[in-house]
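Colleague: Sequence and predicted structure below; questions after.
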Amino acid sequence: MPIGLKLFWGVVGAVLAAFVVRSVFWPGSLSNLFDVGVSTFLLAAGASSCLLRAALVKQDRAPWLVAGLGMAVWTVGDTYWSLFLAHDPNAPFPSLADPLYLLQYPAFYAALLLLVRSRGRLLSGGLWLDGAIGALAVGALVAALAVDPIIAGTTGTGLAVATSLAYPIFDLVLLCLVIGVFGVSGWRPGRAWTLLGAGFSATALADVVYFLQLNDGTYTEGTALDIFWPLGSLLIGLAAWQSASTERGINIESARVVAVPFFSGVVALGLLLFDHFERLGGVAVGLTGATLALVTVRMAIAFRDRDRMLAQSRTEALVDALTGLRNRRCLMADLERELPSATPARPLALLLFDLDGFKQYNDSFGHPAGDALLARLGLRLEAAVQDCGRAYRLGGDEFCAFVTPGARIDAIAAACVASLAEHGEGFSVTTSYGVTLAPEEAVTPVDALKLADRRMYAQKGGGRSAAGRQSRDVLLRTLSERQPELHAHLRGVAELALEVGRELAMSPEQLDELGRAAELHDVGKVAIPDEILEKQGPLDEAEWAFIRRHTIIGERILQAAPALVPVARLVRSTHERWDGGGYPDGLAAEEIPLGSRVVSVCDAFDAMTNDRAYRSAMDPEKAMEELRACAGTQFDPDVVEAFTRVRATVGVKIPG
């Protein structure tokens with residue numbers, strides 16, 4: 001605010017203070033000339049402030065110009081009434097002052113609406129109804145307390161009655177507009193709207209009280225009531241200089257927004273209850289009915305909005321925001337719902353994908369480009385499976401597809417892999433994947449995901465699981481080079497172990513670990529001298545000490561590859577005994593991991609049925625008798641029984 005304007009408001013404030021002191025402490029005791037002069041000065045100050053604001057500031061010029069003109073006309077009318085008609089017992093009614101007074105109302109209405117329009121960006125369309133409810137409730141209350149009594153007490157000629165009723169009705173409309181504007185601002189109007197609303201409300205309420213006192217014959221000039229008209233004018237003039245930027249944004253979730261329709265409904269119900277005992281006027285009853293009608297509409301809209309928000313929240317909870325694909329939560333829900341219905345005739349397939357080269361792409365081109373790439377690839381994946389299933393993004397650079405493959409699983413997988421690839425100058429993004437078929441390989445969502453994840457990383461061309469696969473291949477190659485016959489032995493043990501594991505209903509993840517443990521259970525023998533491994537006669541105690549260390553050595557070797565850590569635990573225990581007499585830890589019974597117990601039985605059978613440097617191969621039936629004889633001491637009886645069933649069912653796969 002300019003310094004000159006601050007000085008102006010300082011003078012105005014001093015005059016207002018003097019007027020307040022005079023009206024409160026010496027009511028009606030000073031000359032009419034003083035009252036007229038001070039009142040006219042204050043009214044003119046408010047009008048001048050609005051007109052000056054319109055002249056100097058382009059923003060919101062029209063509403064402040066209209067408001068200033070309305071206040072100027074009001075000032076002229078009030079001055080004319082005070083000087084020439086106030087003390088004339090035969091003063092005409094309506095007089096020339098009345099149209100001048102009444103012209104302020106359309107000016108105020110127009111100014112309010114113009115300001116609402118110019119600052120509409122601050123207002124929420126959904127709050128207009130709340131504003132209307134609040135306005136009608138306040139209007140009904142004011143009508144019940146003041147307007148209806150004024151109407152009932154008004155008498156005279158038709159023109160006189162119309163003029164008398166115009167004031168309270170116009171004031172009521174002005175109050176309703178103010179409340180409505182406050183409502184659409186979310187009941188956080190800011191400084192400018194607050195001052196403006198207070199100014200309009202002060203003048204309207206002063207008019208209402210004036211007419212009530214006039215009807216009762218209790219009105220006296222020069223009292224505290226006379227303060228409110230010039231005070232309202234000054235508040236309006238001061239509002240003109242408040243910056244729009246000081247107004248706060250609307251929080252549509254504010255308790256004010258919820259509370260106003262509720263309390264407005266309470267007010268309306270209270271008025272209707274009062275009307276049952278003491279009849280209200282038509283204006284109050286009409287406004288009360290309108291309030292309740294809008295509260296009902298507001299409730300219906302609230303329920304509709306709630307349903308929409310719930311539906312939107314459910315959708316957002318199941319959709320990946322970046323790609324628009326279904327997310328992990330949706331995948332788990334789909335798997336829970338549909339996996340139980342999978343049959344061998346109508347299998348379902350879960351394909352899990354992980355991008356290769358995406359991190360380098362992100363590092364090279366930035367995260368926005370990476371997000372854009374993920375969005376493109378997601379759309380392509382969705383198109384690739386749209387005829388047979390659904391696509392998902394699980395997070396990061398992991399995608400998934402859940403499909404009904406028929407006999408086309410290889411073709412579907414190839415199409416998905418092609419869709420999740422992009423190449424360009426300086427980058428190449430491809431994908432690795434794993435597939436699980438239901439119900440053949442998994443019947444629960446957790447098992448399906450685990451097996452697909454393991455197979456995906458087993459295929460992946462880089463990373464922890466690929467490193468584990470490469471480490472396994474290197475170890476197997478090392479064993480094969482040192483002992484060529486060992487490769488066939490390990491492969492045979494692995495095949496046997498997987499058959500027995502399936503018979504024991506081991507999970508897909510357990511089967512995967514079991515197969516790798518069976519392949520690598522002798523890896524620790526690389527540290528045992530050849531003369532011990534190939535010795536023709538019995539081993540002495542020192543040589544047996546070397547042999548017993550090979551499971552611990554195997555465990556240490558495998559633990560060097562993080563992806564093989566679960567396998568290392570099984571390898572360590574492959575020479576434990578059911579009765580606790582094995583090595584290296586002396587575990588017994590179910591303390592021994594199930595995978596280790598399976599490998600132990602399969603390794604013993606394979607060793608007995610194949611030639612060794614120190615003995616010839618045993619007849620398979622005698623080997624089976626040996627296994628059964630050692631069940632409960634060296635071997636797990638349940639594993640031996642499962643092994644027996646497997647050999648009887650698929651004996652062609654088992655040596656002998």
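Modeller: Structure received.

Colleague: CA atoms for contacts and neighbours, from now on please.
Modeller: Fine.

Colleague: Okay, and Lys351 sits in which element?
Modeller: Quick fix: residue 351 is Leu, not Lys. Applying DSSP states H and E as the criterion places Leu351 in strand 348-356.

Colleague: I'd like the mean pLDDT over that strand, please.
Modeller: Averaged across strand 348-356, pLDDT comes to 93.

Colleague: And for stretch 380-397?
Modeller: 93.

Colleague: got a list of contacts for it?
Modeller: With contacts defined as Cα atoms under 8 Å, 6 or more residues apart in numbering, stretch 380-397 is touched by 320, 323, 325-328, 331, 354-355, 358, 374, 378, 399-405, 412, 415-416, 419-420.

Colleague: Give me the buried subset of the residues you listed.
Modeller: 320, 323, 325-328, 331, 354-355, 358, 374, 378, 399-405, 412, 415-416, 419-420 (16 or more other Cα atoms under 10 Å).

Colleague: Take the contacts of stretch 380-397 and keep only those in strands.
Modeller: When DSSP state E is applied, these are split such that Asp354, Leu355, Phe399, Cys400, Ala401, Phe402, Val403 fall in strands.

Colleague: Widest-spaced pair of these?
Modeller: Using Cα to Cα, those reach their maximum pairwise distance at Leu355 and Val403, which is 19.7 Å.

Colleague: Outline the domain layout of the protein.
Modeller: The chain breaks down into these structural domains: 3-303, 328-461, 466-653 (assignment by automatic domain parsing).

Colleague: distance between the shortest one and the chain's centre?
Modeller: I take that to be domain 328-461. Offset of domain 328-461 from its chain centre (Cα atoms, centre = their mean, to the nearest Å): 25 Å.

Colleague: How about the longest one?
Modeller: Averaging C-alpha coordinates over domain 3-303 and over its chain gives two centres that are 43 Å apart (Cα atoms, centre = their mean).

Colleague: got it, and the last one?
Modeller: Per Cα atoms, centre = their mean, the displacement of domain 466-653 from the mean C-alpha position of its chain is 52 Å.

Colleague: lowest-confidence helix or strand of the protein?
Modeller: Lowest by mean pLDDT, DSSP states H and E among the helices and strands of the chain is helix 464-482, with a mean of 57.

Colleague: ok so Thr436 is a strand residue?
Modeller: Yes - checked against DSSP: H, G, I helix; E, B strand; the rest coil, Thr436 lies within a strand.

Colleague: measure it to Leu451 for me?
Modeller: Distance, Thr436 to Leu451, by Cα to Cα, to the nearest Å: 6 Å.

Colleague: so where is the stretch 551-656 of the chain shaky, pLDDT-wise?
Modeller: Filtered on pLDDT under 70, the stretch 551-656 of the chain yields the residue ranges 563, 611-615, 650-656.

Colleague: show me where the stretch 501-650 of the chain has helices.
Modeller: 508-520, 530-533, 541-548, 550-559, 565-572, 594-608, 620-630, 637-649 (DSSP state H, counting those that start in this stretch).

Colleague: Serialize those to CSV and add fields for mean neighbour count.
Modeller: Shown next, in CSV, are the helices of the stretch 501-650 of the chain (neighbours: other Cα atoms under 10 Å):
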stretch, mean neighbour count
helix 508-520, 23
helix 530-533, 14
helix 541-548, 13
helix 550-559, 21
helix 565-572, 24
helix 594-608, 24
helix 620-630, 16
helix 637-649, 18
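
Colleague: Tell me which of those lies nearest to Ile301.
Modeller: Among those, the nearest to Ile301 by Cα to Cα is helix 508-520 (51.9 Å).

Colleague: so the closest one versus helix 550-559, what angle?
Modeller: 120 degrees (axes from the mean of the first three to the mean of the last three Cα atoms, to 10 degrees).

Colleague: helices or strands up against helix 508-520?
Modeller: The contact analysis (3 or more Cα pairs under 8 Å, 6 or more residues apart in numbering; DSSP states H and E) places helix 508-520 against helix 445-459, helix 464-482, helix 484-503, helix 565-572, helix 594-608.

Colleague: Kindly list the longest helix within this protein.
Modeller: What stands out as the longest helix in the chain, according to DSSP state H, is helix 282-318.

Colleague: Please spell out which residues along that helix are buried.
Modeller: In helix 282-318, counting by 16+ other Cα under 10 Å, buried: 283-285, 287-292, 294-295, 298, 318.

Colleague: which one of these sits closest to Gly582?
Modeller: Of these, the one sitting nearest to Gly582 (Cα to Cα) turns out to be Leu318, at 52.0 Å.

Colleague: Isn't that closest one up against Asp334?
Modeller: No - assessed by Cα atoms under 8 Å, Leu318 is found out of contact with Asp334, at 10.7 Å.

Colleague: Show me the common contact partners of the two, please.
Modeller: The overlap between the contact sets of Leu318 and Asp334 (Cα under 8 Å, 6+ apart) is empty.
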